[in-house]
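> Give me coordinates for this.
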Amino acid sequence: ERMIIDSTGLGIGTSSPYQKMHLQDGHFVIRTNSADADDNNVWFQKSRNATDGSHTVVQDGDDLGSIIWDGSDGNSFESAAKLMAEVDGTPGDGDMPGRLVFMTSADGAASPTERMRIGSNGRVGIGTTSARGALDVVVDHAVGYVITAQNDGNNQNRYGIKLQVGSDDGSGTSYLLDFF
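Numbering: from 1, shown residues only. Alright, predicted model coming up:
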């Protein structure tokens, strides 16, 4: 039998689904063949109302959806990585602030911890949940560098890091720091 529907859910490739939809030993494909610019979508939608089709506003910090990658440790499935979408502020009519949280499990750990987030303000935080600038990298370890950049090109025009602060239209003061 290729498909079963029971009180637990829909099983494809399994006779005993353990979720509402369980695809066993196969690939999930969404394909669009159309002569237009439209794409495929997977929608995660959440309301705090328990009645189907009804709406109650979600709250700051609510999880809106996750993609989780698990691997077997020989006894059970353990999470290695997780990508999560959350509410990042106070929603209002026609307003839904969101953030993406990237999580991985360290060696020896059984569950993922946050490594990076992109907030509703567009700021990227690595090692911090409240980025103070467009990119904020925070580490707390005694060995290794915070950032390593290497250009291993094979020509004469190899450059390192360029930081520029100020106006790019020539109307103001610009501060430049180059590392070659």
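> what's the distance between Pro17 and Ser7?
As for Pro17, its distance to Ser7 is 10 Å (criterion: C-beta to C-beta, to the nearest Å). The way it works is simple: take the backbone N, C-alpha and C, and place the C-beta from them, glycine included.
> the more surrounded of these two?
Using other C-beta atoms under 10 Å as the criterion, Pro17 and Ser7 rank with Pro17 on top: 21 against 5.
> Make sure that one is actually in contact with Leu23.
No. Assessed by C-beta atoms under 8 Å, Pro17 is found out of contact with Leu23, at 9.1 Å.
> what residues are shared contacts of these two?
Counting by C-beta atoms under 8 Å, 6 or more residues apart in numbering, Pro17 and Leu23 have no common neighbour.
> Identify the residues contacting Val87.
Counting by C-beta under 8 Å, 6+ apart, Val87 touches 58-62, 64, 96-99.
> end to end, how far does stretch 142-160 reach?
End-to-end distance for stretch 142-160, by C-alpha to C-alpha, to the nearest Å: 25 Å.
> count of neighbours near the residue lying closest to Met3 once chain neighbours are set aside?
Distance criterion C-beta to C-beta, 6 or more residues apart in numbering; nearest residue to Met3, sequence neighbours excluded, is Ile12 at 5.2 Å. When neighbours are counted by other C-beta under 10 Å, Ile12 registers 15.
> And Ile12, how close does it get to His27?
Relative to His27, and taking C-beta to C-beta, Ile12 is found at 11 Å.
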